[in-house]
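1. any chance you could fold what I've pasted below:
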Amino acid sequence: MTQVVIVEDEPLAAQKLSRQLKNIDPDIEILATLDSVAKAVDFLSSRTVDLIFLDIHLGDDLSFSIFEKLQVKVPVIFTTAYDQYAIKAFKVNSIDYLLKPVNKTDLKQALEKFYEQRPGQQAPINYQSLINSLQSGSSESYQSRFLVYKGDKVKSIEVETVAYFFAEGKHVYLVDKGGQQYLLDYTLDKLKECLDPQYFFRINRQFIIHIQAIEEMTAYTKGRIKIDLNPAAKKEAIVSIERASTFKTWLNK
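-> Residues are numbered from 1 along each chain as shown. Okay, here's the model as predicted:
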């Protein structure tokens, strides 16, 4: 029985990964699905696991901060939608990674690699070296501009001019600080991976907002927070229950 922990703050992505793992190997036991650095540190400090699946960008911090707070001695397979610099570092440090959306073939190959590297047979992973590599090149990890569409027009938008992103149906839109709205060929999951978490936060399944786009905040039901955005959004922007705590931490950094 292989005991696995999934650290992923997108519920749908976590559920999909869990299903894929069980389909590939029914003997895998998912001990926990954790959605933040804080929860991962708390769980891993008191439990022993065989393998960790770790999303790069979590709501409360980059997942690499786990290694600064805790000595992790078990294999880690990272998941990422967009982070070419990180992928380069993973290869140097012999760490597996999976690009989102995770497909079954890549996941199976990653598991096979894990099974081949039984305890005592694998080289120790230098997580501190990985952290140093990422920090030294962190400026290269985030996207600086986006190709957008408006009718038959194509335009490049600098990230500094973005107020927020929102999803509507199957489409994702970028809204700039002037209130102009553009169609974007991204998912919110992918956007979250290529935006600097110091300035952008995904408040729910429909919105990723820039901190400077917050006009006003109001306490809402069940501990949620209602946000008035500037420029104004067509839909209500409400921080979900699951993200409310990490959102407050983000605001207080």
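
2. doesn't L98 fall inside a helix?
-> No: under DSSP: H, G, I helix; E, B strand; the rest coil, L98 sits outside any helix and is assigned strand.

3. what's the domain layout of the chain?
-> Using automatic domain parsing, the domain ranges for the chain come out as 2-139, 145-251.

4. least reliable of these going by mean pLDDT?
-> Ranked by mean pLDDT, the domains of the chain bottom out at domain 2-139, which scores a mean of 81.

5. in contact with the closest residue to F53 other than its chain neighbours, which residues?
-> Nearest non-adjacent residue to F53, counting by Cβ to Cβ, 6 or more residues apart in numbering: I6, 4.7 Å away. In short, each C-beta sits where N, CA and C put it, glycine included. Applying Cβ atoms under 8 Å, 6 or more residues apart in numbering to I6 gives the contacts 14, 17-18, 30, 32-34, 52-53.

6. what kind of secondary structure is I6 in?
-> Classified using three-state DSSP, I6 is strand.

7. make 20 the first number, not 1, from now on.
-> Understood, numbering begins at 20; the last thing we discussed is I25.

8. report the beta-bridge partners for it.
-> Taking DSSP bridges as the rule, I25 bridges to T52, F72.

9. show the backbone phi and psi for the residue of the chain most remote from its centre.
-> In the chain, counting by Cα atoms, centre = their mean, D171 sits farthest out from the average C-alpha position, at 31.8 Å. When read as degrees, to the nearest 10, the backbone of D171 gives phi -100, psi 10.

10. what's the answer for V121, then?
-> phi -70, psi 130.

11. ok, L89 next?
-> Residue torsions, per degrees, to the nearest 10, at L89 are phi -150, psi 140.

12. before we move on, what about the one 5 residues further on?
-> Here is the backbone geometry of P94 (degrees, to the nearest 10): phi -60, psi 150.

13. surely it touches Q136?
-> Yes: judged on Cβ atoms under 8 Å, P94 makes contact with Q136 at a distance of 7.0 Å.

14. neighbour count: the two, which is higher?
-> Shown here are P94 and Q136; by other Cβ atoms under 10 Å, P94 has more neighbours (19 against 14).

15. right, I'll leave it there.
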